[in-house]
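**Student:** Sequence first, predicted model second:
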Amino acid sequence: MMFDRRRWLQTAVGSSLLFLAQPARSERKQLTAAKERSLRLYTLETGHQIDRGGPIVATKDNRVLWFTIDPEAPYLSPHIWASTRLLIHESRDLCKSWESPRVVAHGTPNYSVLSHVAFQLRGGDLVHMYVRFGGYDHIGHDPEKSSNPVFIQRSSDGGLTWGEGALLPTGERYISDVLSMTQISTGRVIYPFGYLTREKGQFKVSVLYSDDEARSWKRSSSVLGVGGTGFESGATEPSVVELPDGRLWMLIRAQTGFLWESFSSDGGTTWNPSRESRLPCSNAPGTALSLSSGKVVVVWNNHVDSAYARQSLVVAQTEDGSTFTGFREIDHIDFPEDPGERAAHVTYPFLAEAPEGSILVSYNAGFWLRHNRAKLARIDPDWIRPRREAEDFRSGRSGWCTTNPGLARTAAIERYAAPEDDAPGASLEIEQPDNSRKPCGITRNLPLAAECEMIITLSVPRPDAYLLWHDSLLAPGQIAEACLRVRFSKEGNVFLAAGTPTRTNADRKGLTYSYLAYPILKEQRYPQTIALGRRFQVKLRLSAAASKVWFRINDGPEVSLSIPPILALCHFGIAVAEGGLLRLRRYESVPSS
């Protein structure tokens with residue numbers, strides 16, 4: 001499909017939105033692009049209401065190949081299975097433009113097709129893994145009545161032509177989505193997979209490995225589980241990378257509010273029993289990639305408060321699978337006003353490293369069954385490293401997650417106010433609507449804060465008002481829960497609180513799902529008050545390692561507070577209730593040296 005010369009490209013630059021007219025190029029698809037030095041976002045427009053982004057691979061000759069599925073049909077009617085296609089979009093200018101796509105596989109009346117993995121082997125050949133979906137037994141969850149086998153096809157000419165798909169010898173009938181494979185330092189190829197068992201819809205994970213460039217395969221004797229019951233439960237959708245110390249690290253989708261993990265010290269032949277990792281996550285996949293620098297990046301949904309909470313997609317960096325930097329948000333979706341309405345998603349990331357070192361992330365935004373778009377992020381690795389961040393709204397607000405106000409105006413009223421000083425910028429003001437009885441607010445990602453200082457400049461013309469910090473995405477206005485909370489109340493009183501770790505169930509349609517919530521159970525009063533309507537500073541020093549935060553207002557006394565054991569704080573929110581009004585002038589986060 002060709003774009004008209006007058007079609008607009010939407011572009012997000014840092015904290016502002018620009019709209020640039022771009023001419024169409026002959027036989028090239030144009031993307032909706034978001035440009036910024038450290039993070040560029042693109043949306044692929046295929047003309048379909050529902051399509052799906054799949055794996056992405058950067059070839060040795062500096063091309064980028066992006067696999068997509070349209071129309072995205074494994075979950076739709078069998079009547080259109082024959083219409084499904086797996087496509088390759090090729091870019092020769094690092095994702096700025098794309099050649100007309102080539103079809104690499106078709107569905108049939110008996111199955112639809114879905115792309116899983118694309119990878120260039122060290123020998124030069126490209127391999128592509130995909131499944132043929134022939135149905136799922138939603139009543140008995142019986143793998144003998146379900147069909148989703150995985151096939152491999154190969155290209156020796158850089159992806160121009162592909163061989164016929166050959167069945168991979170997993171030994172299983174129904175394979176869950178796989179978002180990555182890897183070739184480790186010994187040359188061995190590792191393909192992790194989840195498969196449906198006979199245990200009430202529960203999946204388990206194992207590994208295929210090959211020592212001859214993916215031509216023949218052996219299966220690991222290890223089988224990894226995480227428990228679980230119900231549709232889409234258990235250990236599924238794994239991703240494997242090699243760590244700098246030579247161990248293999250596997251991340252596994254689970255239903256406990258965290259990604260699970262396993263390690264192998266013998267090149268993937270056997271694996272340690274699975275356990276919870278340190279990464280909060282809903283029932284959604286995470287994908288890991290080993291970079292040429294030796295670092296490992298992970299992209300996943302850092303959002304946990306429901307089984308399918310997928311409204312924030314973040315990236316982090318690690319060397320050992322235990323300590324992390326980053327937690328930078330790639331993309332998010334605002335919340336619906338009606339809590340009963342299922343929220344849209346940003347999810348299913350596929351990763352690749354571009355020749356010049358940037359990280360490419362293919363992912364999906366929207367609704368699987370209604371309106372989904374294939375998206376692509378291009379990330380400078382420096383963006384993930386520890387860094388200072390400050391915002392004074394001189395370029396407007398950017399990156400804040402909010403709630404669609406709808407007709408009832410239950411979301412916070414957002415506007416700009418005078419800055420209360422001569423410095424550039426403005427105050428971001430939020431107010432509870434007159435007809436709303438619910439707390440409301442906005443929230444945003446901040447760079448991973450484990451050992452750092454934060455300075456928040458604000459005023460509170462009318463209480464109640466709140467500052468909130470969390471280790472995952474916190475819904476706007478969710479004031480009853482946070483890893484750390486500051487409440488500004490009547491007469492200028494200030495109360496500090498830390499959430500109490502509490503395992504909470506949020507089951508859905510037979511799926512057992514639990515996560516670690518942090519309800520506020522008690523508060524500590526700060527020894528001084530604030531002057532309502534006058535600007536002041538909140539200063540925090542945080543040590544996640546010590547589970548402590550030190551708090552002061554302006555030059556008042558410093559008060560310490562114990563916080564729950566967490567990896568770090570990575571989301572910050574402001575909220576109002578009881579008719580409250582808050583003006584945020586500036587926030588700043590500085591990593592400790």
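**Tutor:** Structure's in. What do you need?
**Student:** I'd say P109 and S83 touch.
**Tutor:** No - P109 is beyond contact range of S83, at 10.1 Å (criterion: CB atoms under 8 Å). Bear in mind the C-beta positions are built from the backbone N, C-alpha and C, glycine included.
**Student:** Of those two, give the one with the bigger neighbour count.
**Tutor:** S83 (13 against 10; other CB atoms under 10 Å).
**Student:** Touching, the more buried one and P71? I think so.
**Tutor:** Yes - proximity of S83 to P71 meets the contact threshold set by CB under 8 Å, at 6.3 Å.
**Student:** lowest confidence element among the helices and strands of this protein?
**Tutor:** The weakest-scoring helix or strand in the chain, judged by mean pLDDT, DSSP states H and E, is strand 16-21 (a mean of 24).
**Student:** List the residue ranges of the stretch 51-200 of the chain that fall below the pLDDT cut-off.
**Tutor:** The stretch 51-200 of the chain contains residues with pLDDT under 70 at 73-76.
**Student:** Find the nearest non-adjacent residue to the residue located most distally from the centre of the chain, please.
**Tutor:** Largest separation from the mean C-alpha position in the chain: E491, at 40.8 Å (CA atoms, centre = their mean). Computed as CB to CB, 6 or more residues apart in numbering, the closest residue to E491 that is not its neighbour in sequence is T529, at 6.6 Å.
**Student:** Tell me the spacing between that neighbour and F495.
**Tutor:** T529 is 11 Å from F495, where distance means CB to CB, to the nearest Å.
**Student:** again with A352
**Tutor:** On the measure of CB to CB, A352 and F495 end up 47 Å apart.
**Student:** higher neighbour count, the two?
**Tutor:** Using other CB under 10 Å, the more surrounded residue of A352 and F495 is A352, with 22 against 17.
**Student:** I figured the more buried one hits V64, correct?
**Tutor:** Yes - if you go by CB under 8 Å, A352 and V64 touch, sitting 7.5 Å apart.
**Student:** Which residues are in contact with each of the two?
**Tutor:** I56, V57, A58, L360 (CB atoms under 8 Å, 6 or more residues apart in numbering).
**Student:** tell me which element the second one falls in.
**Tutor:** Assigning secondary structure by DSSP states H and E places V57 in strand 52-58.
**Student:** Moving C-terminal from the helix or strand where L208 lies, which element do we reach first?
**Tutor:** Taking DSSP H and E as the criterion, L208 maps to strand 202-210. For strand 202-210, the following helix or strand on the C-terminal side (DSSP H and E) is strand 218-219.
**Student:** Parallel or antiparallel, list what pairs with that next one.
**Tutor:** strand 202-210 (antiparallel) (DSSP bridges).
**Student:** Disregarding residues adjacent in the polypeptide, which is nearest to Q49?
**Tutor:** Nearest in space to Q49, with sequence neighbours left out and distances taken as CB to CB, 6+ apart, is H371 at 5.9 Å.
**Student:** which residue ranges form the strands in the stretch 351-500 of the chain?
**Tutor:** 359-367, 371-379, 389-391, 400-401, 413-417, 427-431, 440-449, 451-462, 465-470, 484-488, 494-498 (DSSP state E, counting those that start in this stretch).
**Student:** Tell me which of the ones you listed is the most buried.
**Tutor:** Comparing the strands of the stretch 351-500 of the chain by mean neighbour count (mean count of other CB atoms under 10 Å), strand 465-470 ranks first with a mean of 26.
**Student:** what's the angle from it to strand 451-462?
**Tutor:** Here strand 465-470 runs at an angle of 160 degrees relative to strand 451-462 (axes from the mean of the first three to the mean of the last three CA atoms, to 10 degrees).
**Student:** Show me the strands paired with strand 465-470, marking each as parallel or antiparallel.
**Tutor:** strand 484-488 (antiparallel), strand 569-576 (antiparallel).
**Student:** Other residues contacting that strand?
**Tutor:** Contacting residues not belonging to strand 465-470 are listed as 439, 441, 443, 449, 456, 458, 474, 478-479, 481-488, 518, 538, 569-577, 580-582 [CB under 8 Å, 6+ apart].
**Student:** pLDDT on that strand, on average?
**Tutor:** The predicted model assigns strand 465-470 a mean pLDDT of 98.
**Student:** what does stretch 284-294 give?
**Tutor:** Mean pLDDT, computed over stretch 284-294, is 96.
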